[in-house]
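Colleague: Kindly return the folded structure for what I paste below:
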Amino acid sequence: MVWGFGTWDSGGIDNNTGLVKINAVGTMQFDSNYIGIQSFYQPQGYSLSFLHQAGGNYVGRMRISISGGTLTVSSASNDDYSQGTLPKYQMNFVVVYAR
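Modeller: Purely as a prediction, here's the structure:
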């Protein structure tokens, strides 16, 4: 017997990629007060993303956005739970490329 799950887009095409190979670009660490922009080289055919690990005390929310090879960290209101927001802690980030 085989176990697992499948996902399909609106056209009925299987879009379950399973595990996605990533390439680590670098690491970043900043405290809960950090606001800024980091730029990375982005090879053609890849997208920039990140993995994060929170630690320390919760002090609000922040917004992280990625456009091309640029990762931007900005403040967000404490009641903003929209896409791209995270709890504001001291953060450890691993910046990655994915296909």
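
Colleague: From here on, just use CA atoms for contacts and neighbour counts.
Modeller: Will do.

Colleague: could you check the distance from V95 over to S82?
Modeller: For V95, the distance to S82 (C-alpha to C-alpha, to the nearest Å) stands at 21 Å.

Colleague: Grab the most central residue of the chain for me.
Modeller: In the chain, the centroid-proximal residue (C-alpha atoms, centre = their mean) is F50; its distance is 3.8 Å.

Colleague: Neighbour count for V95 and S82, which is higher?
Modeller: V95 (19 against 9; other C-alpha atoms under 10 Å).

Colleague: Please list all residues in contact with the more buried one.
Modeller: 24-28, 48-51 (C-alpha atoms under 8 Å, 6 or more residues apart in numbering).

Colleague: again, 6 Å this time
Modeller: By C-alpha atoms under 6 Å, 6 or more residues apart in numbering, the contact list for V95 reads 24-27, 50.

Colleague: In which helix or strand does it reside?
Modeller: Using DSSP states H and E, V95 sits in strand 90-98.

Colleague: Paired strands for that strand, with orientation please.
Modeller: strand 22-30 (antiparallel), strand 47-55 (antiparallel) (DSSP bridges).

Colleague: CA atoms only for that strand, dumped as PDB, please.
Modeller: The C-alpha trace of strand 90-98 is given here as PDB (Å, rounded to 0.1, in the frame of the first residue of the first chain):
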ATOM      1  CA  GLN A  90      15.600  38.000  17.300                       C
ATOM      2  CA  MET A  91      15.900  36.000  14.000                       C
ATOM      3  CA  ASN A  92      18.400  33.600  12.400                       C
ATOM      4  CA  PHE A  93      17.800  33.400   8.600                       C
ATOM      5  CA  VAL A  94      19.100  31.100   6.000                       C
ATOM      6  CA  VAL A  95      18.700  32.700   2.600                       C
ATOM      7  CA  VAL A  96      18.200  30.100  -0.200                       C
ATOM      8  CA  TYR A  97      17.600  29.700  -3.900                       C
ATOM      9  CA  ALA A  98      14.900  27.300  -5.100                       C
END
